[in-house]
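[1] kindly generate the corresponding structure for this input.
(2 chains)
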Amino acid sequence: MLLLQNTRIASENSPVLLESDVLIVEGKIQDIGSSLAIPEGARVIDARGRVLMPAMFDAHVHFRAPGFENKETITTGSEAAINGGVTGVVMMPNTRPALDSATAVDTVLENATHRSRIPVYTSGCVTKNREGKELAEIEGMRGLGVKMLTDDGDTTADPAVLLRAMQYATEFGMFFASHCEVSELAGPRALNEGVMSYRLGIKGSPACAEEIIIDRDIRLARAAGAHVHIQHVSSKLGMETIRWWKSRGDVKVTAEVTPHHLLFIDEHIGDYDTNYKMNPPLRTQADCDALLEGLIEGVFDLIATDHAPHTPFEKAQDFISAPNGITGLDTALVSLHHFFVEPGKFGWDLVVKRYSAEPRRLMGLPVAAIEVGQEANCVLFDTAAETTFTREFMKSKSQNTPFIDQTLKGRVDLVILGTEILLERE
Amino acid sequence: MARKDLLDIASLHREEIEFLLDQSTSFKKLFTRSVKKIPALEGKSVLMLFYEASTRTHSSFEVAAKRLSAEVTNFNIDHSSITKGESVRETIETLQAMRTDYIVVRHGHSGLPGMIARQTTASVINAGDGAHAHPTQALLDAFTIKEKFPDPRGKRVLIIGDILHSRVARSTSTLLQKLGVEVAYLGPGSLVPKYGPATIPRFTDYEAAMAWAPDVVYLLRVQLERQDVQFFPSVREYHRVYGITNTRLAEISDRGLYIMHPGPVNRGVELCDAVMDYERSLITNQVENGISVRMAVLDWLTPGGEFPRQEAYATPQRASSTVIMP
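    Below is the predicted model of the structure:
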């Protein structure tokens, strides 16, 4: 039994925080109101000034297991999630072996039940071994609860293959998540083509490499009557393409944006800092501004981190040799607070909607909410405290993030899932 | 003010550039003496780390170092095993253990010399990294131009060719602009990126570029090894559209323009054979001046900076301790 006194409750439906006490009994929210009586035996937490919100859900993470456990494991990945106020994730299937069969998915889910304190869901590959040629055994994966199909890390290059997959799997109620990139245009370097790539002397990846596939995959989805979810959009025209298709209303399309594409631009790469090397690459301030606009407007249904851990050794190579990707689970919520909520660019309602409710809806899961009768699935967030992202603070096995050793405003103090307090920071 | 490393031109101040060019003049005077060697770097070690094939830059640095009495070691690189950054990291550790004073490095990956510089106490000289920078080439180009135009301000240099892949174009144009020289680019649209510096006019038409009235025509080597992706239809067409043909050489000669080229030359592509005998061709001068410029650079740098890294692979490479945040 837990009584949170004088907290401020965030909800996706209201920009106003509701000041109230919240009583949690046996993993459920039993009462919400002002000056609630303290039940006998209840633990009381003075949550004055702190925000209580539904816990986050990240629909795009790389936990690297099986195959790359030196980068991340299901245990370390899910602890990083809890550390950042996230209580559910969807793993991408670019593991080794790739998650392209019921057997592979079953192994991961089985592992997750023993090794994670939060629910871990996986997506499945569209094609066998993500090679873009033969369809993966899709129905078998559906039987294990897989809803999202993606060859993330790469685009399913052959449109005929993807179209057939869409026609086939839509019948099973599954949807497609698209990593949008024409590889022949993008090249391997993960740096936006522009002034910065010219200055650094690295072949750049033009935004059109992404925009072409955004448009292509939505058209394919429309032709197949499928639902397509566009992953980690990085460009202004990419956002506008999605906006235009959504306005037509004749195709089911959802989209996500990452905190790092909202926050960083190619110039931050500076003198070849590999912590800013990711795919799709960081683009320009105009792109960044458009992504924020798209998020506020609802072009982007959800925020997802694309949590992509790599070992320090790998990232300590030169920019061209280093792998793409940064971690995001430990840092996302605090960075959203520091750079957007605190300066008033958007409110907690948007954070809850885009990083908690919509990702769960995408996956067909019950939405968490701070309401009487709901399961306790929440985060207590201190907006006045600070978080320093030291190596010790990070629970991810890897710390390849621009936030390393930075101090930002805001702190995840408490994470509750059902009857368990997953995290409590003094 | 001496520096530890020479990694690019962009970070050099004009005063530093002029100092280096002045010193190059002094070193060049040594070349006419019977004994060309001076003891400036006696007891110092120079390690040549060339991951990419090179004849003239490699030998130019080697001659320069030896004329300053430095000990020169060539690091043997098995090209088949050095394809990944991991190997480079291990090499850097080895080099640091050797405590060499200078490392002259050429690598196909942009930014790699900077990474070595941050991990060693040696003075690192970038002898060409990817399409990023080739600072000593830029210095020798400027030195060669200044020999013809002692006050080069307002002079015009037209750089022709593969700007997209050229570290020479980037470094030389940056340096020339710092000296007040006007620079323009000419080449196929696929090789002259539109996002180059706004201060540099771009031409895709030869006649229009010549109407800009250059004083020097600087031909870049067409990097045929990069033609796995076709940037232009054929070398024959390239020569016809962007090369110095016999007809164009006659016009260049009439106008008294100088011709430069960083070498090695693709005859019949960038230029016709006759250019090599053209009296205002400065191609040989560039090679000769490379030695004195590199002597000036070696003499100017000060090895022995702090060895920055305490914990193996703890931190991804970073230029400074301050992270740029939004």
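[2] mind checking the pLDDT average for the longest helix along chain A?
    The helix of greatest length in chain A, counted in residues with DSSP state H as the criterion, is given as helix A:208-224. For helix A:208-224, the per-residue pLDDT values average out at 98.
[3] ok, it near chain B or not?
    No. Judged by Cβ under 8 Å from any Cβ of the partner chain, helix A:208-224 and chain B are separated, with a smallest distance of 13.3 Å. For glycine as for every other residue, the C-beta is placed from the backbone atoms N, C-alpha and C.
[4] give the bridge partners for the residue nearest to residue A:146 when sequence neighbours are not counted, please.
    Counting by Cβ to Cβ, 6 or more residues apart in numbering or on different chains, residue A:146 lies nearest to residue A:124, which is 4.3 Å off, once chain neighbours are set aside. In this entry, residue A:124 is beta-bridged to residue A:149, by DSSP bridges.
[5] so how far is residue A:99 from residue A:124?
    Applying Cβ to Cβ, to the nearest Å, one obtains 5 Å for the distance of residue A:124 from residue A:99.
[6] ok, now which ones touch the residue nearest to residue A:146?
    For residue A:124, the set of contacting residues under the criterion of Cβ atoms under 8 Å, 6 or more residues apart in numbering or on different chains consists of A:93, A:99, A:100, A:105, A:136, A:138, A:141, A:146, A:148, A:149, A:150.
[7] so which of these sit within strands?
    Under the assignment DSSP state E, the contacts of residue A:124 contribute A:148, A:149 to strands.
[8] looking at the contacts of residue A:124, state which has the most neighbours.
    Ranked by neighbour count under the definition other Cβ atoms under 10 Å in any protein chain shown, the contacts of residue A:124 are headed by residue A:149 with 32 neighbours.
[9] wait, doesn't it sit right on residue A:175?
    Yes. Checked against Cβ atoms under 8 Å, the pair residue A:149 and residue A:175 is within contact range at 7.2 Å.
[10] looking at the contacts of residue A:124, which is nearest chain B?
    Chain B has its nearest neighbour among the contacts of residue A:124 in residue A:93, at 25.7 Å by Cβ to the nearest Cβ.
[11] residues contacting the residue in the stretch 151-300 of chain B positioned nearest to chain A?
    Of all residues in the stretch 151-300 of chain B, residue B:195 sits closest to chain A, with a separation of 5.0 Å (Cβ to the nearest Cβ). Applying Cβ under 8 Å, 6+ apart, one finds that residue B:195 lies in contact with A:193, A:194, A:195, A:197, A:198.
[12] OK, contacts around the nearest residue in space to the first one that is not next to it in sequence?
    If you skip the residues right next to it in sequence, residue A:193 has residue A:204 as its closest partner in space, 2.7 Å away by Cβ to Cβ, 6+ apart. Residue A:204 is in contact with A:187, A:189, A:191, A:192, A:193, A:194, A:196, A:197, A:198, A:281, counting by Cβ under 8 Å, 6+ apart.
[13] right, and the helix or strand after whatever helix or strand residue B:176 lives in?
    Under the criterion DSSP states H and E, the helix or strand holding residue B:176 is helix B:167-178. The element immediately downstream of helix B:167-178 (helix or strand, assigned by DSSP H and E) is strand B:182-186.
[14] I would like the residues contacting that following strand, please.
    When contacts are taken as Cβ under 8 Å, 6+ apart, the neighbours of strand B:182-186 outside the stretch itself are B:154-161, B:163, B:169, B:173, B:176-177, B:192, B:196, B:200-206, B:209, B:212, B:214, B:242.
[15] about what we covered before: packing partners of the longest helix of chain A?
    Applying 3 or more Cβ pairs under 8 Å, 6 or more residues apart in numbering or on different chains; DSSP states H and E, we find helix A:208-224 packed against helix A:159-169, strand A:175-178, helix A:183-186, strand A:227-230, helix A:236-248, strand A:252-257.
[16] who wins for proximity to chain B among those?
    From the helices and strands packed on helix A:208-224, taking Cβ to the nearest Cβ, the stretch that ends up closest is helix A:183-186, at 8.7 Å.
[17] mind listing what's buried in that closest one?
    With burial defined by 16 or more other Cβ atoms under 10 Å in any protein chain shown, the residues of helix A:183-186 counted as buried are residue A:186.
[18] again with stretch A:238-257
    Residues of stretch A:238-257 classed as buried: A:238-243, A:245-246, A:251-257 (neighbour count, 16+ other Cβ under 10 Å).
[19] end to end, how far does it reach?
    With Cα to Cα, to the nearest Å as the measure, the ends of stretch A:238-257 fall 11 Å from one another.
[20] what about that stretch, average pLDDT?
    In this model, stretch A:238-257 has an average pLDDT of 98.
[21] so how far is it off the chain centroid?
    Put simply, stretch A:238-257 sits 19 Å off its chain's centre (Cα atoms, centre = their mean, to the nearest Å).
[22] when you scan it, is anything in it near chain B?
    No. Judged by Cβ under 8 Å from any Cβ, stretch A:238-257 makes no contact with chain B; its nearest approach is 14.8 Å.
[23] quick one: contacts of that stretch?
    The contact list for stretch A:238-257 (Cβ under 8 Å, 6+ apart) reads A:59-60, A:175, A:180, A:207, A:210-211, A:214-215, A:218, A:221-222, A:226-233, A:290-291, A:293-295, A:297, A:299-304, A:358, A:362.
[24] of these, buried ones?
    The buried subset of these (16+ other Cβ under 10 Å) comprises A:59-60, A:175, A:180, A:207, A:210-211, A:214-215, A:218, A:221-222, A:226-233, A:290-291, A:294-295, A:299-304, A:358, A:362.
[25] residues of chain A that sit close to chain B?
    With Cβ under 8 Å from any Cβ as the criterion, chain A meets chain B at residues A:193-195, A:197-203, A:263-265, A:267-268, A:270-275, A:311-313, A:315-322, A:339, A:400, A:402, A:404-406.
[26] any quick PyMOL command for the buried ones out of the residues you listed?
    Selecting only the buried members of these in PyMOL, with burial defined as 16+ other Cβ under 10 Å, works like this:
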select buried, chain A and resi 193+194+195+197+198+199+200+201+202+203+263+264+265+267+268+270+271+272+273+274+275+311+312+315+316+317+318+319+320+321+322+339+400+402+404+406
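[27] which of the residues of chain A next to chain B fall in strands?
    Checked against DSSP E, the residues of chain A next to chain B include nothing in strands.
[28] from the residues of chain A next to chain B, which land in helices?
    In helices, defined here by DSSP H, the members of the residues of chain A next to chain B are A:195, A:197, A:198, A:199, A:200, A:263, A:312, A:313, A:315.
[29] the residue nearest to residue B:122 when sequence neighbours are not counted: helix or strand, and which one exactly?
    Distances taken as Cβ to Cβ, 6+ apart put residue B:103 closest to residue B:122, at 4.7 Å, once the chain neighbours are dropped. Taking DSSP H and E as the definition, residue B:103 sits inside strand B:102-107.
[30] what do you get for residue B:192?
    No secondary structure element spans residue B:192, as it lies outside all helices and strands (assigned by DSSP H and E).
[31] pretty sure it contacts residue B:205?
    No. Using Cβ under 8 Å, residue B:192 is not in contact with residue B:205; the gap is 11.4 Å.
[32] neighbour count for these two, which is higher?
    For residue B:192 against residue B:205, the residue with the higher neighbour count under other Cβ under 10 Å is residue B:192, and the figures read 21 against 11.
[33] and for that one, nearest residue in space, chain neighbours not counted?
    Closest residue in space to residue B:192, ignoring its immediate chain neighbours: residue B:163 at 4.7 Å, by Cβ to Cβ, 6+ apart.
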